[in-house]
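Asker: Sequence plus the predicted model coming up.
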Amino acid sequence: MMTPSKPRTIWPYAIIAVFVAFAGYIGFMVQQAMRTTVDLVSPDYYKQELAYQQRMESVARTAALPAPVQLHHDAAAQRLTLQMPATLAGQTVRGSIHFFRPSDQKLDFNLPLQTGTNQQFNTAKMLPGYWRVRVDFTADNQAYFVEKELIIR
């Protein structure tokens, strides 16, 4: 006597296929994550984080100046003008200006500050886009810091 054969069901195979597809997807995502380069904002990020309180004091001191540190970009002339407050005119100002490109660390560069209240920088070689300009300087043995945003078109 022949026993009737049971109809085959696809559910066990479908469940196995879903698990295999999920495992393959997770493996692909892990591979993509391992290939992605992760650059910190700066190479000495942790060292800078430890000096955070000193930076905040410098920012507060800069905000307390009678006139703000101004940054003007003339796109037509490709010139960036940094204007220090007039109260710092008689003092020796030393420091640097850091051009920071958040999207590409390789484009970052530093320039020294010169004495005087107005300083001009050429922006012809800077790539168009978003930049942060960080001015870190000392005057009369007091540290100052200001950060401005700059968009070059």
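Answerer: Okay, I see it.
Asker: since we're on the nearest residue to Arg132 once chain neighbours are set aside, how many residues are nearby?
Answerer: Closest residue to Arg132 in three dimensions, ignoring its sequence neighbours and counting by CB to CB, 6 or more residues apart in numbering: Phe100, at 4.3 Å. Every C-beta, even on glycine, is put in place using the N, C-alpha and C of the backbone. Per other CB atoms under 10 Å, the neighbour tally for Phe100 reads 18.
Asker: what does Val18 give?
Answerer: Val18 is flanked by 10 other residues according to other CB under 10 Å.
Asker: rewinding a little: pretty sure the residue nearest to Arg132 is touching Val133, no?
Answerer: Yes. With contacts counted by CB atoms under 8 Å, Phe100 reaches Val133, the gap being 7.4 Å.
Asker: Give me the phi and psi angles of the residue sitting nearest the centre point of the chain.
Answerer: Per CA atoms, centre = their mean, the C-alpha nearest to the average position across the chain is that of Pro102, at 3.1 Å. The phi and psi values for Pro102, taken as degrees, to the nearest 10, are phi -60, psi -30.
Asker: Which pLDDT value goes with it?
Answerer: Listed pLDDT for Pro102 reads 85.
Asker: Could you find the closest non-adjacent residue to Thr81?
Answerer: Counting by CB to CB, 6+ apart, Thr81 lies nearest to His72, which is 4.6 Å off, once chain neighbours are set aside.
Asker: just checking, what packs against the helix or strand bottoming out on mean pLDDT in the chain?
Answerer: Scoring the helices and strands of the chain by mean pLDDT, DSSP states H and E places helix 45-50 at the bottom, with a mean of 76. Judged by 3 or more CB pairs under 8 Å, 6 or more residues apart in numbering; DSSP states H and E, helix 45-50 has no packing partners among the helices and strands.
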